[in-house]
Structures are given as structure tokens and as C-alpha cells.
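**Student:** Need coordinates for the below:
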Amino acid sequence: MVREGTHERRRRRPPKPLDEARLEELALAYVARFATTAAKLEGYLARKLRERGWEGERPADPAGIAARFAELGYIDDEAYARARAGGLLRSGYGARRIDQALRGAGIDEDLRAGAQPGERARREAALTLARKRRFGPFGGEVPERDRREKQLAAMIRAGHGFDDARAVMDAKDVAEAEQWVADAADDEEDR
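**Tutor:** Modelled structure (predicted):
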């Protein structure tokens, strides 16, 4: 039996306000645990400062810490952009969704443009999504008009252009859809 009063609830103490050393420790722990960008690290540190307060001698500088970590190589926005774009492509997302994700992570416009997929990669991603969701030729039977429109809309929401989504949906069979991707590969080799 548990006696009354012996197991009182522990009262949570409010966390200690941050100083230079604690803020640096938080930043190091964050970059060690997560692949991140300078903007995301800066946002994380700013949020921690709002939550816990500041008692350092100098004013807090989350932007300075993020810039220093980027200089030291702890953060690489370009590598993050390439990795994130590649992961989204392999999951079947299109160029527009990739741009949105990178913009949300604070990647600047030049790096976002460099991470955009080529024609073949865009087509492969559209095919991947159609295969995963059983759209178009991967669905087995020809969908009715309203179902086809919903599938087309889902591909567009996933970031694919209308022409790419329609090309996958209009393919008569899987071989034709795969040939559509191969045609893009041939075009890239000709350049």
C-alpha cells in the first residue's frame, strides 16, 4: 500500500536561463543530432532563448553562432539541400515540393536552384509516386473520370508539373510510362 503523502509529486523547477556556454552547448547538441541549416539552427536557438531567457554578459547572438558553425563546417547548407532534394525525389515528390521544403529550411535561392532536379529525375519521381500510389498504369484498370482527376490532383499537390502528371496518367501501360522516363534520359545524353 502507498501511504498518503509519501509520493508527493515532484515540482518541476523552471529551467535555468541560458548564458554563452549553455547556448553553445545547445547548438552543438542540435547539430550533432540533426542534419540542419544555418537558418534552422538560428531559429532553434532563438526559440530556446524565448523559452528560457538570457543571463549572459553580452547579448545573445544566435546568428553569430550559426555563422560560426557554418564556417567550421558543422553545418553545410549546400549538402543539406542536395540530400533533402534527393530524398524527396526518391519518395516521389516533384520540383515544386522540393523548392518549398528547401525554402522552409532557410536555403537561399541560389542553392535551391542548384538542387532542382533535371528532366529525367523529375520524370522518375513522377513515376515513383504513381507506382507507390497505384496511379495511372500502375492501378491495373483504367480509372473513372472523377478518380483520374483526383489522382492527377494528388500528383500536382506532390509538386509535379501538370504536363508530367498528365503524361504518367495518360500512359497506356507501365512500359509506356517507363519509356517516357527513358526518353528524357536520351535527351539528356544528346546535350
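**Student:** what about the closest residue to residue 53 other than its chain neighbours, how many residues close to it?
**Tutor:** Leaving aside its sequence neighbours, residue 53 sits nearest to residue 17 (C-beta to C-beta, 6 or more residues apart in numbering; 3.8 Å). For every residue, glycine as well, the C-beta is placed using N, CA and C. By the criterion of other C-beta atoms under 10 Å, residue 17 has 13 neighbours.
**Student:** what's the average pLDDT for the helix of greatest length in the chain?
**Tutor:** Within the chain, and with DSSP state H defining each element, the longest helix by residue count is helix 174-190. Regarding helix 174-190, the rounded mean pLDDT is 81.
**Student:** Stretch 157-170 too?
**Tutor:** 95.
**Student:** got it, and stretch 86-93?
**Tutor:** 96.
**Student:** List the buried residues of that stretch.
**Tutor:** Neighbour-count burial for stretch 86-93 flags 88, 89, 92, 93 (criterion: 16 or more other C-beta atoms under 10 Å).
**Student:** Check stretch 56-70 too.
**Tutor:** By neighbour count on 16+ other C-beta under 10 Å, the buried set for stretch 56-70 is 60, 62, 65, 66, 69, 70.
**Student:** The second one contacts residue 54, doesn't it?
**Tutor:** Just to be clear, that refers to residue 62. No - contact criterion C-beta atoms under 8 Å: residue 62 and residue 54 do not qualify, at 10.6 Å.
**Student:** Where does the prediction get shaky in the protein?
**Tutor:** The chain contains residues with pLDDT under 70 at 1-9, 186-191.
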